[in-house]
Structure formats: structure tokens, C-alpha cells
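Colleague: Compute the structure for the input listed below.
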Amino acid sequence: MILYHGSNMEVRSPKIIKAKRLLDFGTGFYLTSDYEQAKKWAIRTTARREEGVPTITIYNIDENKFDELNVLNFNRADKEWLRYVSVNRTDKSARDNYDIVIGPVANDQAIRTVNNYLKGYFTEDIAIQLLLPQKLKDQYVLKTEKALSFLKFDEVKKV
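Modeller: Alright, predicted model coming up:
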């Protein structure tokens, strides 16, 4: 399977760096199977950091190796996904034992729904109803060195 990482620089040797921000699936190395999503991440990261060039690093990973890892896979933005994202978006000390977490990415519209849920404006059921019709892209988060060892660098593309 091909996965993309969008950033302000090429990343030939990925590392797990503790995030300075609260992200959907916590600390890890974020990728997507959607080239356009990676492109958006690259442009946003470059703008936020005010340095570098929007860059997409392309990798291959053997999905058969997932059997050797502890993988959490959210097929859609459901209650379990909302709870997991909520914990990671509110608690910097949140920890779990997963090697890889896969699921929908909370885009701009989805994150507004999640934030309104976190503020208590929406119930869990209403938040899910608002999230379901959205066509959310995927994200793969490699959270351990073991998971990173299965990721193979392929090429780099400037956006």
C-alpha cells in the first residue's frame, strides 16, 4: 500500500516526535492514502511553520505486516472514533498501546463538530449525525518504532 506524508520538508527517515499540538490520534507519524490530503497537509504545515517548501514524501507499507502489530482501525467517524479523538484532542498525556491507528481525519468542518461536542454544545449522538454525511479522508498514525520499521521510503515530490 502507498502512503503519503505532507510536510514542509522531505522526511526520508521518519521519527516519532512528541507533538506540540493536540492531534486526532495523539503522538505519532501521520500519513494518508490520499495524495490530495497529503498535499493539503504539506501546504498548511509550510504556512504554519513559515519555512520550507510544501513536500510530499511517499512510502510503501506491507499491509500483511499489520498482523504483527497492535492496530486500531476506525472504519468511519462513529462514537468510538469520536471518543478516541476527544481524548487525544484534550489530554496531552493520553497514552495507549497501539502501534498503528487508522481512521477518518477530522477536517476543518469535522473539527468544528468535535470541538462543539467537547464544549458540550452537542450530544455524542448529534455530533455523530453531523459527522456521518461528511466524506472524511483517512489518516494512518504510526505510534511505535516497530510500526515505523515496516514503512519503506519510496520518493519525494515538491508540491
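Colleague: The helix or strand of the chain with the lowest mean pLDDT packs against which elements?
Modeller: Within the chain, no helix or strand scores below helix 108-118, which has a mean of 86 by mean pLDDT, DSSP states H and E. Packing partners of helix 108-118 (3 or more C-beta pairs under 8 Å, 6 or more residues apart in numbering; DSSP states H and E): helix 79-90, helix 124-131. To be clear about C-beta, it is placed using only N, CA and C from the backbone, and glycine gets the same treatment.
Colleague: and if we set it to 6 Å?
Modeller: helix 124-131 (3 or more C-beta pairs under 6 Å, 6 or more residues apart in numbering; DSSP states H and E).
Colleague: Residue 154 in helix, strand or coil?
Modeller: Of the three states, residue 154 takes strand under DSSP: H, G, I helix; E, B strand; the rest coil.
Colleague: Nearest residue to it in space, please, no chain neighbours.
Modeller: Counting by C-beta to C-beta, 6 or more residues apart in numbering, the nearest residue to residue 154 once its immediate chain neighbours are dropped is residue 58, at 4.4 Å.
Colleague: And for that neighbour, the neighbour number?
Modeller: By the criterion of other C-beta atoms under 10 Å, residue 58 has 16 neighbours.
Colleague: Likewise for residue 62?
Modeller: With other C-beta under 10 Å as criterion, residue 62 counts 11.
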